[in-house]
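S.K.: With the sequence up front, the predicted model follows.
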Amino acid sequence: MLKFSPPRLDQTTVDAVSEVLLSGWITTGPKTKQFEKEISDYVGCRKTICLNSATAGLELVCRWFGLKEGDEVIVPAYTYCASANIILHCGAKPVLVDIDEKDFNISVNNIREAITENTKIIIPVDIGGWPCDYDLINELVNEPSIKAVFTPNNEVQKKLGRLLVMSDAAHSIGASMNGKMTGSLADITVFSFHAVKNLTTAEGGAVCMNLPEQFDCDEVYQILNIKSLHGQSKDALAKTQVGNWRYDVLEPGYKCNMMDIQAAIGLVELHRYDETLKRRKEIVNYYANALGQYDWAQIPDFISESKESSYHLFLLRIKDITEDQRDEIISKIFDKQVSVNVHFQPLPLLTAYNTRGYKMEDYPEAFNKYHNEITLPVYFDLTDSDLELVVNAVVESVSEVI
Ligand SMILES: *Cc1c(COP(=O)(O)O)cnc(C)c1O
């Protein structure tokens with residue numbers, strides 16, 4: 001069976017991990033700090049903190065921003081559950097909005113219509129690695145009439161003076177827009193280094209800060225760092241220094257720091273990421289050319305005048321089919337020894353969300369994109385003959401069903 005998304009791992013990764021394992025320091029320490037610095041340099045943001053997942057990063061930022069009961073956060077209906085679960089963790093309300101017709105991303109007009117005096121944060125999600133319209137979103141939150149609606153209820157919110165834009169960039173490290181990399185396009189950008197993502201640390205994530213100049217990003221880093229380690233005033237490494245044993249617990253914090261073992265994998269991944277992206281782009285172009293010849297194929301966007309994707313997911317859609325036909329095509333593709341997937345079931349289809357009152361019929365574009373979508377495998381180790389196998393499996397399976 002051809003796999004869907006195995007990580008790019010080899011002896012270089014094994015050697016880097018072994019070095020950390022035998023170094024005497026395996027949890028958060030020098031490798032994590034180096035990884036943070038190199039991510040900031042790569043994406044061009046002011047400061048980065050690495051954590052054990054993107055989910056933890058999204059939630060810590062909400063906690064730092066003081067998100068609480070009664071607050072609302074705008075998030076697309078078409079995303080992975082993590083983008084919205086964290087809002088519920090904070091006791092706030094996810095305000096789901098529909099996506100745009102032109103791509104799989106949140107519609108800026110729908111964001112505008114969803115803003116109320118309770119709105120605190122907007123979470124655009126770069127589905128498949130394709131950046132959202134950050135120029136328009138940043139413009140929107142700075143419009144005087146939109147700023148006038150914003151009702152700050154703590155010092156951090158007062159200091160920002162408008163809605164926070166927190167990008168869920170779990171898919172989009174390496175993507176760019178108007179010559180800037182994701183990580184520098186929003187106030188906060190959160191990357192995922194989960195095993196199936198473009199750049200992995202097995203599990204892991206990073207929060208990139210590009211807050212306006214009234215914020216001291218080193219200070220925000222310290223706040224997030226303390227929150228990620230039980231509220232301890234000193235981390236484990238600092239406590240190992242001679243005589244430096246005493247610490248305080250400033251608040252009942254969380255436990256979501258990144259280990260140096262993970263950072264060592266991430267540094268190997270980052271150092272060869274240009275090569276990874278190059279191969280992913282070749283794969284995507286191969287699929288686009290081979291499948292683009294068929295009338296039934298709808299190919300997603302990967303590059304335009306202003307944007308370039310990180311080539312994370314190939315979101316193929318088959319014109320004029322039902323959800324059942326899509327599922328049948330998928331099972332026929334699996335019969336041909338090729339793994340495919342669906343990204344994503346819109347949140348209202350999931351029990352946790354439909355039992356909270358979100359209805360699929362309120363998000364027609366999300367359903368439209370989902371019902372005929374099949375995600376094809378994209379990863380570094382796919383060979384050219386694997387690509388032929390995938391395309392043949394898809395073409396044959398479609399012809400068997402429609
Ligand atoms: C994977 C993913 C996440 C969560 O990433 P973790 O690192 O597993 O927490 C969040 N949002 C989206 C869109 C994702 O695909």
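M.R.: Right, received. Where do you want to start?

S.K.: so who does residue 111 touch?
M.R.: By CB atoms under 8 Å, 6 or more residues apart in numbering, the contact set of residue 111 is 74, 97, 122, 137, 140. Where C-beta positions appear, they are placed from N, C-alpha and C, glycine not excepted.

S.K.: List the beta-bridge partners for the second one.
M.R.: With DSSP bridges applied, residue 97 shows beta-bridge pairing to residue 76.

S.K.: repeat for the third one
M.R.: Under DSSP bridges, the beta-bridge partners of residue 122 are residue 74, residue 165.

S.K.: was I right about it contacting residue 141?
M.R.: Yes: under the criterion of CB atoms under 8 Å, residue 122 makes contact with residue 141 at 7.0 Å.

S.K.: Overlap in contacts, these two.
M.R.: 163, 165.

S.K.: and those two? which has more neighbours close in?
M.R.: Neighbours were counted for residue 122 and for residue 141 using other CB atoms under 10 Å; residue 122 has more, 26 against 21.

S.K.: Tell me how far that one lies from residue 97.
M.R.: Residue 122 is 9 Å from residue 97, where distance means CB to CB, to the nearest Å.

S.K.: what does the stretch 101-250 of the chain have sitting close to the ligand?
M.R.: 125, 168, 170, 171, 192, 194, 205 (CB under 6 Å from any ligand atom).

S.K.: Tell me the residue of the stretch 201-350 of the chain that sits nearest the ligand?
M.R.: residue 205 (4.5 Å; CB to the nearest ligand atom).

S.K.: If you tally nearby residues, what's the number for that residue?
M.R.: If we define neighbours as other CB under 10 Å, then residue 205 has 28 of them.

S.K.: Show me what stretch 375-387 is in contact with.
M.R.: So stretch 375-387 is contacted by 2-8, 276, 279-280, 283-284, 286-287, 290, 311-316, 338-343, 390, 394 (CB under 8 Å, 6+ apart).

S.K.: Let me see the ranges of the strands in the stretch 1-150 of the chain.
M.R.: 47-51, 72-76, 93-97, 119-122 (DSSP state E, counting those that start in this stretch).

S.K.: Can you check which helix is longest in this structure?
M.R.: helix 273-292 (DSSP state H).

S.K.: tell me the contacts of residue 224?
M.R.: 49, 60, 61, 64, 207.

S.K.: Please repeat the previous calculation with a cut-off of 6 Å.
M.R.: Taking CB atoms under 6 Å, 6 or more residues apart in numbering, we find residue 224 in contact with 49, 60.

S.K.: and it, that one's in a strand?
M.R.: No: Residue 224 is assigned helix when assessed by DSSP: H, G, I helix; E, B strand; the rest coil, not a strand.

S.K.: May I have the predicted confidence score for it?
M.R.: Per-residue confidence for residue 224 comes out at a pLDDT of 98.

S.K.: can you check residue 281 too?
M.R.: Reported pLDDT for residue 281: 98.

S.K.: So for it, what's the nearest residue that isn't a sequence neighbour?
M.R.: residue 311 (5.3 Å; CB to CB, 6 or more residues apart in numbering).

S.K.: now do residue 360
M.R.: Nearest one to residue 360, counting by CB to CB, 6+ apart, is residue 348 at 4.4 Å.

S.K.: Next, count neighbours for that neighbour.
M.R.: Residue 348 - counted by other CB under 10 Å - has 20 other residues nearby.

S.K.: contacting residues for it?
M.R.: Residues 354, 358, 359, 360 are the ones in contact with residue 348 under the rule CB under 6 Å, 6+ apart.

S.K.: go on, residue 257?
M.R.: With CB under 6 Å, 6+ apart, residue 257 has these contacts: 28, 228, 229.

S.K.: Domain-wise, how is this structure divided?
M.R.: 11-271, 273-401 (automatic domain parsing).

S.K.: Tell me how far the helix or strand bottoming out on mean pLDDT in the chain lies from the chain's centre.
M.R.: Lowest by mean pLDDT, DSSP states H and E among the helices and strands of the chain is helix 236-239, with a mean of 82. The chain centroid and the centroid of helix 236-239 are separated by 30 Å under CA atoms, centre = their mean, to the nearest Å.

S.K.: This completes my enquiry, with thanks.
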